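A.B. asks: Just need the structure, nothing else, for what follows:
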Amino acid sequence: MKNIKTAAILALLFLGTGKAFSQSRKTESTKGVEQSDNKKIQVEGVGHKLNYTLNGGTVEVEGGDNTVIIKGSAKKISVSGTGNKVYIDKVDKVAIEGGNNTVYYKSAGTKTGKPESALTGVGNKVVKQ
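C.D. replies: Here you go, the predicted model:
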């Protein structure tokens, strides 16, 4: 029970920090969704269902219940919040904070065939499809 409370508090803190940080950036934003350039995808908010193409950049997903589908590859995917799902063809590193987030991948650019993973929180997963 204590772990669930801690995860919920961390998720709220990350959401608040992400909101404050997003207000200081000078990129175009549409309803909390940003794609800064062809090398970095940023998604913030709740309930987005989005499709992107990426070739070797980075992905950041913050918020809750977002579904992000990416054709191509990413060097790193960072997810924070709750209930987010990211689908990607190829990824090297995955960092997840919060609760019940999942990154689905088809392949990894590592020797082991699995992405390097850092999972913090409850119910977070990195799953090969």
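A.B. asks: May I have the strands that pair with the one helix or strand Y52 maps to, each with its orientation?
C.D. replies: Using DSSP states H and E, Y52 falls within strand 49-64. Next to strand 49-64 in the sheet, as set by DSSP bridges, lie strand 40-46 (parallel), strand 67-82 (parallel).
A.B. asks: Tell me the buried residues in the longest one?
C.D. replies: In terms of neighbour count (16 or more other Cβ atoms under 10 Å), strand 67-82 has its buried residues at T67, V68, I70, S73, A74, K75, I77, S78, V79, S80, G81, T82. Bear in mind the C-beta positions are built from the backbone N, C-alpha and C, glycine included.
A.B. asks: from the residues you listed, which is closest to G113?
C.D. replies: The closest of those to G113 turns out to be S73 (Cβ to Cβ; 14.1 Å).
A.B. asks: Report the beta-bridge partner residues of I77.
C.D. replies: In this entry, I77 is beta-bridged to V59, V94, by DSSP bridges.
A.B. asks: same question, I88
C.D. replies: Counting by DSSP bridges, I88 forms beta bridges with I70, Y105.
A.B. asks: Any idea which residue is closest to the centre of the chain?
C.D. replies: With distances taken as Cα atoms, centre = their mean, V79 lies nearest the centre of the chain, 2.8 Å away.
A.B. asks: Can you get me a residue count around the closest residue to D89 other than its chain neighbours?
C.D. replies: With Cβ to Cβ, 6 or more residues apart in numbering as the criterion, D89 has its nearest non-adjacent residue at 5.0 Å, and that residue is K106. Using other Cβ atoms under 10 Å, K106 is surrounded by 12 other residues.
A.B. asks: Can you read off the pLDDT for K106?
C.D. replies: What the model reports as pLDDT for K106 is 97.
A.B. asks: Now do it against G113, distance only.
C.D. replies: For K106, the distance to G113 (Cβ to Cβ, to the nearest Å) stands at 11 Å.
A.B. asks: re the thing from before, and the residue nearest to the centre of the chain, what does it touch?
C.D. replies: Counting by Cβ atoms under 8 Å, 6 or more residues apart in numbering, V79 makes contact with E60, V61, E62, V86, V94, A95, I96, E97, G98, N101, V103, N124.
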